[in-house]
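S.K.: quick one, what's the 3D model for this:
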Amino acid sequence: MELAAHIREAVRPLIGTVASRKVTGTASSGDATFSIDNVAEDAVEEFITRRGLEVVYYTEDAGLRTFGTPEAALIIDPIDGSRGAKAGFECCVISVAVAEYKPSVKMRDVVAGCVYELKDDAAFVAGRNLGVKVYRNGSEVVPVRSEVDHIEYAAWSAEIAGRPAALIMQIIGDAVDASSIRGGFFILNSTAFSLSRLVNGQLSAVVDVGGRLIKDYPVSRAGFERAGAGSIMGLFPYDFAAAALIAQEAGCVVTDGYGRALDDVNLFDSSEGNIQSIIAASTPALHAKFLDEVERGFARFLSD
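M.R.: Below is the predicted model of the structure:
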């Protein structure tokens, strides 16, 4: 929480400003890096150095860095939702996951996580097998999950940034149509933000089928390259390392796009081969329905 708060203090004055929007480079994932991302990355290194932490840490822009003799591993997304941050929207957070130090850190090794909102003073914190705590303006509040069990009444989000939108919608379009009136469909461009909304009941489900699409349908690669401005982009482990644990500790169901556990995902790998998919829901029944919907969507898509 202290690290996330330090990053927040550094970047919050830039939210929604023209200065935050300058494209300064390309991250290891192929995503654009904005000036606000550079400030956040600098804040990570400053905190670790000032506190004398002996850790290995991984971020989208800096990659893997080691300080001293590592006692733990940190998987950090200094700003998940950079586009929201530079536009001044609420859907931007800092994500910090703490894992046991190993040469290859997997999702199963994550022991704690924090997702801290940039715009509002709200933090979601969890320890493995210890449950979730939510803080707003310095005070602990009781999280209340959605109990919706049907897609028609579900408020949910999907990610399409850097994905071929037309192909994605062929797979999830029926669920979008079913829920758009009595539930709600949102594109928020921050997986960590979206997953944390499951904890407080704002959303009932989070879906990203991009990783499954490029694995099951390699011909879609050309569409990914167009959408990613020449790079293959999608859901990378740093996007959900903290938030997936938090959602699970709150009682939500979180799997990949095939319904499998994310336990064996390598958190230090942002290569094309490690692009992931996700289906998360606030109840087991709703997760099962979204998984069925995705299966039908892929079956229909691949048969055309």
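S.K.: show me what contacts residue 188?
M.R.: By CB atoms under 8 Å, 6 or more residues apart in numbering, the residues touching residue 188 are 81, 84, 91, 157, 159, 194. From N, CA and C alone the C-beta is placed, and that goes for glycine too.
S.K.: any idea how far residue 192 is from the residue lying closest to it once chain neighbours are set aside?
M.R.: Once flanking residues are discounted, residue 188 sits nearest to residue 91: 4.3 Å by CB to CB, 6 or more residues apart in numbering. Counting by CB to CB, to the nearest Å, the separation of residue 91 from residue 192 is 10 Å.
S.K.: give me the common contacts of the two.
M.R.: Counting by CB under 8 Å, 6+ apart, the residues touching both residue 91 and residue 192 are residue 81.
S.K.: the two: who's more crowded?
M.R.: In this view residue 91 and residue 192 are compared by other CB atoms under 10 Å, and residue 192 has more residues nearby, 31 against 23.
S.K.: check contacts around that one.
M.R.: 77, 80, 81, 93, 95, 115, 239, 240, 242, 243.
S.K.: which secondary structure element contains the last one?
M.R.: What it means is residue 243. helix 237-249 (DSSP states H and E).
S.K.: within its sheet, name the partner strands of the following helix or strand past that helix and how each one runs.
M.R.: For helix 237-249, the succeeding helix or strand toward the C-terminus, using DSSP H and E, is strand 253-255. Within its sheet, strand 253-255 is paired with strand 278-281 (antiparallel), according to DSSP bridges.
S.K.: how far off centre is the partner strand?
M.R.: 11 Å (CA atoms, centre = their mean, to the nearest Å).
S.K.: and stretch 155-162, by the same measure?
M.R.: The answer for stretch 155-162 is 11 Å, by CA atoms, centre = their mean.
S.K.: kindly report the same for stretch 148-160.
M.R.: With CA atoms, centre = their mean, you get 17 Å for stretch 148-160.
S.K.: what residues sit buried inside that stretch?
M.R.: 148, 149, 151, 153, 154, 155, 156, 157, 158, 159, 160 (16 or more other CB atoms under 10 Å).
S.K.: I'd like these as JSON lines, with distance to residue 55 appended.
M.R.: Formatted as JSON lines, these follow (distance: CB to CB, whole Å):
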{"residue": "148", "distance to residue 55": "39"}
{"residue": "149", "distance to residue 55": "41"}
{"residue": "151", "distance to residue 55": "41"}
{"residue": "153", "distance to residue 55": "43"}
{"residue": "154", "distance to residue 55": "38"}
{"residue": "155", "distance to residue 55": "37"}
{"residue": "156", "distance to residue 55": "35"}
{"residue": "157", "distance to residue 55": "31"}
{"residue": "158", "distance to residue 55": "33"}
{"residue": "159", "distance to residue 55": "29"}
{"residue": "160", "distance to residue 55": "34"}
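S.K.: and which of the residues you listed is nearest to residue 253?
M.R.: residue 149 (12.0 Å; CB to CB).
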